[in-house]
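Novice: Just need the structure, nothing else, for what follows:
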Amino acid sequence: MNRKSIKKIISLFTLVVCTSQLPVIAQNGEATFKQTCSACHSIGKGRLVGPDLKDVHTKRKEDWIIKFVKGSQALIKSGDADAKAIFDEYNMVMPDQNLSDADIKAVIAYIGEQSGGAAASTEPAAEATTTEAPVEAASPELIANGKALFEGSKAFTNGGASCISCHNANYKDMIAGGVLAKDVTNAYSRLGGDAGLSGILSSPPFPAMTAAFKNNPLTEDEVKAITAFLKDADTQKAPEGSNPLLMGGIVGFVLIFIIIFILWGKRKNNNVKKDVYDRQIKAIN
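Specialist: Residues are numbered from 1 along each chain as shown. Modelled structure (predicted):
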């Protein structure tokens with residue numbers, strides 16, 4: 001057997017071994033995808049917070065996907081046109097994922113398996129949206145429950161921190177929230193509606209939320225309630241400047257200013273020793 005034949009046999013053996021491992025790799029990628037990616041991405045079901053990942057393995061090189069997943073902002077700052085275009089389209093910073101190259105490759109294999117080799121297209125997602133049954137409107141009770149959970153007047157079942165600690169939402173009769181994270185007044189439309197918000201609340205993809213709720217996950221009912229509240233906040237948001245905390249501060253400042261002005265107006269116009277001074281001057285003269 002010559003050297004050329006031996007090389008062919010080795011190449012064929014390598015191909016068989018690597019191909020046989022693909023289902024195993026994809027299976028490992030499924031768990032990572034569901035835990036880390038599914039809150040913001042779907043495979044063939046349309047965009048959520050981020051793009052639909054169907055056939056992404058045919059649109060981008062593997063090393064590019066690995067770089068983007070590990071540090072999307074670093075890739076954008078490096079001048080990568082594709083990374084910048086994705087950020088401009090979705091207007092959402094993808095959190096850097098602490099995944100190994102092997103983990104990301106497993107996710108890519110899973111995406112390829114779920115894509116089924118079909119050509120990428122956005123048309124099916126659009127058709128599904130038009131034929132889908134309308135979402136039932138949330139009840140006032142569900143919205144009120146979500147508001148109570150958001151602002152902290154009602155505690156989460158598993159003891160998580162209230163949303164208002166880090167987020168603000170312009171909503172009638174609710175004080176201003178924290179500024180540690182993004183304003184969520186229009187989060188419902190910005191993050192993909194029911195599906196996007198439910199995914200994020202059920203399995204937070206952002207590092208701060210992940211740390212806060214890792215041991216304090218929201219229940220299914222709490223996710224539904226907060227989603228209903230944020231939907232109502234998105235469609236019925238309070239006018240700018242109508243926040244009761246801000247208005248109370250302005251009114252308080254005006255009242256204090258009026259009190260100071262009144263007290264200042266009643267002050268003695270002359271020094272308390274002016275009478276003594278006048279007598280001394282009169283005696284000298």
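
Novice: the helices in the protein, which residues?
Specialist: Along the chain, counting by DSSP state H, helices occupy 3-32, 56-59, 62-70, 72-77, 81-90, 101-115, 123-131, 140-151, 187-190, 193-202, 207-213, 220-235, 244-265, 274-284.

Novice: and the last one, how far out from the chain's middle?
Specialist: From the chain centre to the centre of helix 274-284 is a distance of 76 Å (C-alpha atoms, centre = their mean, to the nearest Å).

Novice: who are the neighbours in contact with the closest residue to residue 192 other than its chain neighbours?
Specialist: The spatially closest residue to residue 192, leaving aside those adjacent along the chain, is residue 48, at 4.0 Å (C-beta to C-beta, 6 or more residues apart in numbering). Where C-beta positions appear, they are placed from N, C-alpha and C, glycine not excepted. With contacts defined as C-beta atoms under 8 Å, 6 or more residues apart in numbering, the neighbours of residue 48 are 39, 40, 41, 42, 191, 192, 195, 196, 199.

Novice: burial measure for the nearest residue to residue 164 once chain neighbours are set aside, as a count.
Specialist: Excluding the flanking residues, the one nearest residue 164 by C-beta to C-beta, 6+ apart is residue 177, at 4.0 Å. The number of residues packed around residue 177, counting by other C-beta atoms under 10 Å, is 25.

Novice: ok, so what distance separates residue 177 from residue 261?
Specialist: Per C-beta to C-beta, to the nearest Å, residue 177 is found 34 Å from residue 261.

Novice: where does this structure dip in pLDDT?
Specialist: Scanning the chain for pLDDT under 70 picks out 1-27, 117-136, 237-248, 265-273.

Novice: Using the record, which stretches count as separate domains in it?
Specialist: Annotated domains of the chain cover 3-131, 140-235, 244-284 [automatic domain parsing].

Novice: Pick the most buried one from those domains.
Specialist: Counting by mean count of other C-beta atoms under 10 Å, domain 140-235 has the highest mean neighbour count of the domains of the chain, with a mean of 18.

Novice: From start to finish, how long is that domain in a straight line?
Specialist: Chord length of domain 140-235, first to last residue, is 14 Å (C-alpha to C-alpha, to the nearest Å).

Novice: same thing with stretch 54-64?
Specialist: Stretch 54-64 has an end-to-end distance of 16 Å (criterion: C-alpha to C-alpha).

Novice: Find the nearest non-adjacent residue to residue 191, please.
Specialist: Closest residue to residue 191 apart from its sequence neighbours, by C-beta to C-beta, 6+ apart: residue 49 at 4.8 Å.

Novice: ok, the residue nearest to residue 164 - contacts?
Specialist: Residue 177 makes contact with 151, 163, 164, 165, 166, 167, 168, 169, according to C-beta under 8 Å, 6+ apart.

Novice: Just give me the closest of the residues you listed to residue 213.
Specialist: In terms of C-beta to C-beta, no member of the contacts of residue 177 lies closer to residue 213 than residue 163, at 10.6 Å.

Novice: Relative to residue 228, how far out is the residue lying closest to the closest one once chain neighbours are set aside?
Specialist: Counting by C-beta to C-beta, 6+ apart, residue 150 is the residue found nearest to residue 163 once chain neighbours are left out, at 4.5 Å. Per C-beta to C-beta, residue 150 is found 11 Å from residue 228.
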